[in-house]
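Student: I'll drop the sequence and a predicted model, then ask my questions.
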Amino acid sequence: MDLDKYKDLLNDIKKYVTQNLPLSELENDELQAEIEKIVQDKTSEQYLTIETKIKIAQEIFSSIRGFGPLDAILADDSITEIMINGPDKIFIEKSGKLSRLDMKFESQRKLEDIIQRIVGLAGREVNQANPIVDTRLPDGSRVNVVLPPIALCGPTMTIRKFSKSPMTIEKLIEYGSITEEIAEKLELLVRAKYNIFICGGTGSGKTTFLNALSNFIPKDERIITIEDAAELQIVGVDNLVSLETRKANSTGSGEITMRDLIKASLRMRPERIVVGEVRGGEALDMLQAMNTGHDGSLSTGHANSTQDMLSRLETMVLQGAEGLPLEAIRQQIASALDIIIHLSRMRDYSRKTVEITEVLGYENGMIKLNPLYVFEEDTEKSTAEKVVGSLVRKNELIKYDKLRAAGIFREI
């Protein structure tokens, strides 16, 4: 069956289903069974393979109760990101490379309906008065939506797919992001409650790395996670509280910010606070939490280098406390952070740890850093398509106080 005949048949059966079935009264399983029966009846006089009939039934069900063309894309585990630029343009990321799919939504209205369904599942709302929203799918995949008139090409949606299995350090070693030796040392630092900050550019794997590190936290500790859209996968911890921000409703009330959640978490007797990503004034509250006995905290932020992350943190703190002297901000950062891990997405689309740095303190108006490991590319083995290199030891760890306090006497 050619594509045009397939589409005509699909549309005819879908029209019959929507006009003849009491959609609002049927549960999903009942609707699926009814659609399959109708497909069987409508195609009895022409030869179609079983696979084609199943595909027609699934597409009709997806268009009514599911997410339309998105269902098939979301089911493909090899796709890591989905970008929808209006109803006619769907792009995906697979193995680090972007490509355009030869599929589209029925109409802009249909795409808007699917967006409303996705946003509604997480109890959020998006409309012309509030055209930008961050939310998530039931499986935890991160979703960003921008509606017209802000998005000129039509409703725009970006989905960062959620891994079905939690990221582990073993997987990072397998992918070549870090070595087994460095992983063992990071585990000791997490267990000893060093405050660790992970930074990197967009798509460098910050949340993935944070997920892996968080699974080094002892399972008997109380952990509070704070995120814009919940996507951390901490497993094996019973005493875990996950908090998520909330946008203001259409009347402008009900907003719950990262700052609100960090302040609330301090009254929840946390042993660890894990902040998914700091972007603004909440950086001040996070640093104050780290400085007031909540050691072992983990967080991430966008930056192109370790030094750049420190500058961005200074700017973020100023957003939360305008007028605070720069010297006081730097002292706060220097005393709060112990380790900064910088990640990068290389030219071959691989994600690598490029620097692990110890924060020594504040001296002569500057935050003093001690690079422990730095990624060095092997220029003889690397090519334009493949980056080959390794993390090279630069200096010894200087601040051993938390390791010793935790009863860990190994050298790092």
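Tutor: Looks like it came in fine.

Student: distance of residue 257 relative to residue 280?
Tutor: 9 Å (Cβ to Cβ, to the nearest Å). C-beta coordinates here come from the backbone N, C-alpha and C atoms, glycine included.

Student: whoops, residue 154 was the one
Tutor: From residue 154 to residue 280 the distance is 29 Å (Cβ to Cβ).

Student: looking at those two, which is more packed in?
Tutor: residue 154 (18 against 14; other Cβ atoms under 10 Å).

Student: ok, and the closest non-adjacent residue to that one?
Tutor: Nearest residue to residue 154, sequence neighbours excluded (Cβ to Cβ, 6 or more residues apart in numbering): residue 86, at 3.0 Å.

Student: in this structure that neighbour contacts residue 148, no?
Tutor: No: if you go by Cβ atoms under 8 Å, residue 86 and residue 148 don't touch, sitting 9.0 Å apart.

Student: tell me which of the two has more neighbours.
Tutor: Neighbours were tallied for residue 86 and for residue 148 using other Cβ under 10 Å; the higher tally belongs to residue 86 (18 against 15).

Student: residues contacting that one?
Tutor: 108, 111, 151, 153, 154, 155, 156 (Cβ atoms under 8 Å, 6 or more residues apart in numbering).

Student: mean confidence score for the helix or strand residue 117 falls within?
Tutor: Per DSSP states H and E, residue 117 falls inside helix 108-121. The average pLDDT within helix 108-121 is 91.

Student: beyond it, next helix or strand please.
Tutor: Following helix 108-121 in sequence, per DSSP H and E, is strand 132-136.

Student: quick one: the helices in the chain?
Tutor: 3-20, 28-42, 50-64, 70-75, 108-121, 169-175, 180-191, 206-214, 258-265, 282-291, 306-320, 326-336, 401-405 (DSSP state H).

Student: now do the shortest one: everything it contacts.
Tutor: Here helix 401-405 makes contact (Cβ under 8 Å, 6+ apart) with 188, 189, 192, 193, 194, 295, 338, 409, 410, 412.

Student: what does the longest one give?
Tutor: Residues outside helix 3-20 that contact it (Cβ under 8 Å, 6+ apart) are 1, 34-35, 38-39, 42-43, 52, 56, 59-60, 63-64.

Student: apply 10 Å and report the result again.
Tutor: Helix 3-20 is contacted by residues 1-2, 23, 31, 34-35, 38-39, 41-43, 46, 48, 52, 55-57, 59-61, 63-64, 106 when judged by Cβ atoms under 10 Å, 6 or more residues apart in numbering.

Student: any of those buried? List them.
Tutor: Burial by neighbour count, 16 or more other Cβ atoms under 10 Å: within these this picks out 31, 34-35, 38-39, 42-43, 48, 55-57, 59-61, 63-64.

Student: whichever of the contacts of residue 86 end up buried, select them in PyMOL.
Tutor: Applying 16+ other Cβ under 10 Å to the contacts of residue 86, the buried members can be selected in PyMOL as follows:
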select buried, resi 111+151+154+155+156
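
Student: of the contacts of residue 86, just say which sits nearest to residue 93.
Tutor: Of all the contacts of residue 86, residue 156 has the smallest distance to residue 93: 15.7 Å, by Cβ to Cβ.

Student: is it true that the closest one touches residue 91?
Tutor: No: the criterion here is Cβ atoms under 10 Å, and residue 156 misses it with residue 91 at 11.1 Å.

Student: joint contacts of these two?
Tutor: Common contacts of residue 156 and residue 91, defined by Cβ under 10 Å, 6+ apart, comprise 83, 84, 85.

Student: could you list which of those belong to strands?
Tutor: Using DSSP state E, 83, 84, 85 are the members of those that sit in strands.

Student: relative to residue 88, how far out is residue 8?
Tutor: 20 Å.
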